[in-house]
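1. Based on what follows, work out the 3D shape:
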Amino acid sequence: MKNSKIFDSITQFALPWFTLWAQVVFAMKYPQYGLILNLMAQPFWLYASWKSYKEAGQTGILVNTIAFTIITIFWIINYWFLTK
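-> Numbers count the residues shown, from 1 in each chain. The predicted model follows:
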């Protein structure tokens, strides 16, 4: 139970930090680093959306987060490996 509370606190900090900085980095025209920051945010998004699904039945948030994570992975593969 205590570990869950600690991870909840870390998630509440990491979610906006990684997500907002990814958007700032995109806006600064460094998409390759924005993608990495965005991918680093995804485990926290998945955890938060899973909790909201389990506790409140928020299926749409979970489906959206899973889809966005898969799209981000494809985006990284395309940008970093297929465009060289």
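2. All the helices of the protein, in order from the start?
-> If DSSP state H is used as the criterion, the helices of the chain fall at 2-27, 31-56, 59-76.
3. Of all the ones you listed, which one is nearest residue 83?
-> In terms of C-beta to C-beta, the element of the helices of the chain nearest to residue 83 is helix 31-56, at 9.9 Å. All C-beta spots, glycine's among them, are computed from the backbone N, C-alpha and C.
4. Rebuild the helices of the chain as CSV, extending it with distance to residue 82, mean neighbour count and mean pLDDT.
-> CSV is the format used below for these (distance: least, C-beta to C-beta, whole Å; neighbours: other C-beta atoms under 10 Å; pLDDT from 0 to 100):
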stretch, distance to residue 82, mean neighbour count, mean pLDDT
helix 2-27, 19, 13, 91
helix 31-56, 13, 16, 94
helix 59-76, 10, 14, 95
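5. Spell out for me which residue occupies the centre of the chain.
-> residue 42 (2.3 Å; C-alpha atoms, centre = their mean).
6. Distance to residue 83 added to the helices of the chain, as TSV?
-> Output for these, formatted as TSV (distance: least, C-beta to C-beta, whole Å):
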stretch	distance to residue 83
helix 2-27	16
helix 31-56	10
helix 59-76	11
